[in-house]
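In: Sequence plus predicted model, see below.
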Amino acid sequence: MKAFHLNFSQRIPISLPEAWDFFSSPMNLAKITPKEMAFTLTSPLRPEEKMYPGMIITYKVSPVAGIKLNWMTEITQVEDQKYFIDEQRFGPYKFWHHQHHFKTIPGGVEMNDILTYGLPMGIFGNIANSAFIAGKLQEIFNFRKQKVTELFGDYTNTET
């Protein structure tokens, strides 16, 4: 199985506690996911519930052609206000490992996403990645970046 890697980075003009509060809540994932993906959280979570190691989160999502898929991830690691990692337990990928890192910078927070994934179907999965999947993931993260900017504002470092 071939592993694919994508990295995304964004700076936002809020404090680390504010960023952590928003991004460590599974309830907020729908707010930063494209509407056409019909993302629905199916886990019975409370709005104030934050991620913790061992947390299982389930959703329904339509990544292509309106086809609804079940997806289950586990939060495998959490270091408060530094990072958390989610891994697919059931879903469309053969392998999914997504790291979310946060650090304070002058005037805000830098978020870094490190995504490593694998696809089923051998060579056909590799072709699908080149033809469609990598581009779709890039679109999703571009949307997320735009939505985060709408929610929290543009980052500008005013320190000289």
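Out: Received, thanks. Residues are numbered from 1 along each chain as shown.
In: quick one: the strands in this structure?
Out: Using DSSP state E, the strands of the chain run over 3-12, 40-41, 56-61, 69-79, 83-90, 95-105, 108-118.
In: The second one: partners in the sheet, and parallel or antiparallel?
Out: According to DSSP bridges, strand 40-41 has the following sheet partners: strand 56-61 (antiparallel).
In: What of the last one?
Out: Paired neighbours of strand 108-118 in the sheet (DSSP bridges): strand 3-12 (antiparallel), strand 95-105 (antiparallel).
In: Which positions in stretch 73-81 come out as buried?
Out: Applying a neighbour-count criterion of 16 or more other C-beta atoms under 10 Å, the buried positions in stretch 73-81 are 73, 75, 78, 81. Any C-beta I mention is one placed from the backbone N, CA and C, and that applies to glycine too.
In: Give the closest residue to the last one in space, chain neighbours not counted.
Out: Think Gln81. Nearest residue to Gln81, sequence neighbours excluded (C-beta to C-beta, 6 or more residues apart in numbering): Trp20, at 4.6 Å.
In: For the one you found, grab the count of nearby residues.
Out: Trp20 sits with 21 neighbouring residues when counted by other C-beta atoms under 10 Å.
In: correct me, but it touches Glu79?
Out: No: in this structure, Trp20 is not within contact of Glu79 by C-beta atoms under 8 Å, at 10.4 Å.
In: Would you check how far apart the closest residue to Ile140 other than its chain neighbours and Ile67 are?
Out: Spatially, and ignoring its direct neighbours in sequence, Ile140 is nearest to Pro34 (6.3 Å; C-beta to C-beta, 6+ apart). Using C-beta to C-beta, to the nearest Å, we find Pro34 at a distance of 15 Å from Ile67.
In: who has more neighbours, the two?
Out: Each of Pro34 and Ile67 had its neighbours counted (other C-beta under 10 Å), and the higher figure belongs to Pro34 (16 against 10).
In: Thank you, goodbye.
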